[in-house]
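K.L.:
just coords:
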């Protein structure tokens, strides 16, 4: 599903990623752990094509994404990759269902098709009764589940999550973590999650440790 070959990334004189090679199989929940400043989020952004490496190659679903131009990357990203962040970044003026529908409209789906898919996702995530509520009317756990629904909207192969439970209490964090495994089992997607949550890391199919811009283990 994902293959990285000798990836390096620097910001000025600061080397953030150092010669990283990594392969991730389909339908796995993979966690990336390590101290702050280890390069975890930078690696996730490069896997998600939000940033480009200085050196190395990346294949996702047999496509060498580092050869794509910006427009091609944007199209590839919208079709194959979904994102869930610590701060859910929902649009406050839109309802839950409108937040989920939006990425599908951007991808060219018709409004009826997008709304049908959004209702299915919100129902699966037990949010159907909250579909007409705006983010300010939802709890933190509900907001994060709407963000997960939005990430799933275009049925991507890969979900990338950066500290997705960082702002949730213990109970909602556990529910969100279980949701990732339920989604993996139902939709066979690959999840790569940057986390400091030790419980989630232990439950994952594979745990990758980073330190000082490199991989300690795979």
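P.N.:
Good, I have the coordinates. A quick note: this is a predicted structure, and the numbers were derived from the prediction, not measured. Residues are numbered from 1 along each chain as shown.
K.L.:
show me the beta-bridge partners of the residue nearest the centre of the chain.
P.N.:
By C-alpha atoms, centre = their mean, the chain has its centre lying nearest to residue 160, at 1.9 Å. Beta-bridge pairing for residue 160 (DSSP bridges): residue 83, residue 192.
K.L.:
give the contact list for residue 213.
P.N.:
By C-beta atoms under 8 Å, 6 or more residues apart in numbering, the contact set of residue 213 is 15-18, 38-39. C-betas here are computed from N, CA, C, even on glycine.
K.L.:
and if we set it to 10 Å?
P.N.:
Listed by C-beta atoms under 10 Å, 6 or more residues apart in numbering, the contact partners of residue 213 are 8-10, 14-20, 34, 37-40, 42-43.
K.L.:
the residue nearest to the centre of the chain contacts residue 151, correct?
P.N.:
Yes. With contact defined as C-beta atoms under 10 Å, residue 160 and residue 151 form a contacting pair (8.5 Å).
K.L.:
what is in contact with the two at once?
P.N.:
Counting by C-beta under 10 Å, 6+ apart, the contacts common to residue 160 and residue 151 are 81-85.
K.L.:
quick one: stretch 69-87 to chain centroid distance?
P.N.:
Put simply, stretch 69-87 sits 10 Å off its chain's centre (C-alpha atoms, centre = their mean, to the nearest Å).
K.L.:
wait, I meant stretch 162-176
P.N.:
Counting by C-alpha atoms, centre = their mean, stretch 162-176 comes out at 14 Å from the chain centroid.
K.L.:
what residues does it touch?
P.N.:
Contacts of stretch 162-176 (C-beta under 10 Å, 6+ apart): 32, 40-41, 44-45, 48, 83-88, 126, 139-145, 147-148, 151, 161, 177, 179-180, 191-197, 199-200, 203.
K.L.:
can you give me the end-to-end distance of it?
P.N.:
By C-alpha to C-alpha, to the nearest Å, the extent of stretch 162-176 from end to end equals 13 Å.
K.L.:
buried residues, it. List them.
P.N.:
By neighbour count on 16 or more other C-beta atoms under 10 Å, the buried set for stretch 162-176 is 162-165, 167-168, 172-174, 176.
K.L.:
equivalent analysis for stretch 51-70, please.
P.N.:
If you call a residue buried by 16+ other C-beta under 10 Å, then stretch 51-70 has these buried ones: 53, 56, 58, 60, 65-66, 68.
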